[in-house]
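Participant: Provided below for reference: sequence and predicted model.
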Amino acid sequence: MIKIVPYNNTWPTMFDAEKRLLHSVIGEWVCGSIEHVGSTSVVGLSAKPVIDVMVGVKSLDESKPAIDVLVQKGYNYYPYKTEVMHWFCKPSPEFRTHHLHLVPYNSALWFERIQFRDHLRENPQVAEEYAALKHKLAANYADDRERYTENKWPFIQSVLQSVNHNAV
């Protein structure tokens with residue numbers, strides 16, 4: 001069930017703890033940085049209470065050995081969007097506190113996620129619009145995570161297009 005909750009001040013601390021753990025466990029595959037992305041990374045934004053962590057890697061192929069290491073440390077691996085990331089959740093698919101995305105550093109997906117997060121952080125009105133959309137979608141698709149996610153995409157695309165248009 002998809003549930004959107006008010007912003008929780010512990011989310012940055014939860015991310016920091018996970019970042020330290022990931023550096024100690026898969027540091028040899030990290031390229032670039034480990035970033036807090038998704039709605040829990042935007043102060044004041046309501047969100048699903050799941051910390052999204054994006055880890056930059058040199059390549060998906062070179063980071064494949066990290067999959068087994070992460071599984072041994074309690075992450076659940078799923079071959080989701082395998083052409084652009086290695087995706088994990090923990091502690092279980094039924095109850096998730098963290099999503100982990102191993103993404104090639106400086107790839108298109110890397111930049112999209114950073115741009116969207118930063119735009120929401122810098123534009124409270126856009127963040128409020130996004131929160132309203134998420135509440136509506138959670139009500140409409142409470143038991144359908146895929147449709148909830150798919151229906152956020154037009155808003156995200158619109159924001160990314162406006163950011164890229166303004167950067168030109």
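Facilitator: Arrived safely, thanks for sending.
Participant: please count neighbours and contacts with C-alpha atoms only from this point.
Facilitator: Noted.
Participant: near Glu150, how many other residues are there?
Facilitator: Using other Cα atoms under 10 Å, the number of residues around Glu150 comes to 10.
Participant: likewise Asp61?
Facilitator: A total of 10 residues lie near Asp61 under the criterion other Cα under 10 Å.
Participant: how much space between the residue nearest to Arg145 when sequence neighbours are not counted and Ile34?
Facilitator: Distances taken as Cα to Cα, 6 or more residues apart in numbering put Ile2 closest to Arg145, at 6.8 Å, once the chain neighbours are dropped. Plainly put, Ile2 is 26 Å away from Ile34 if you go by Cα to Cα, to the nearest Å.
Participant: sec struct for the most centrally placed residue in the chain, please.
Facilitator: Residue closest to the mean C-alpha point of the chain, counted by Cα atoms, centre = their mean, is Asp52 at 3.6 Å. Taking DSSP: H, G, I helix; E, B strand; the rest coil as the rule, one finds Asp52 in the strand state.
Participant: same check, this time on Gly32
Facilitator: Under three-state DSSP, Gly32 falls in the strand class.
Participant: measure the nearest residue to it once chain neighbours are set aside to Val103 for me?
Facilitator: Distances taken as Cα to Cα, 6+ apart place Gly56 nearest to Gly32, at 5.4 Å, with adjacent residues excluded. Separation of Gly56 from Val103 (Cα to Cα) stands at 5 Å.
Participant: now the common contact residues for these two.
Facilitator: Shared contacts of Gly56 and Val103 (Cα atoms under 8 Å, 6 or more residues apart in numbering): Trp110.
Participant: can you tell me the element Val103 falls in?
Facilitator: Using DSSP states H and E, Val103 sits within strand 96-104.
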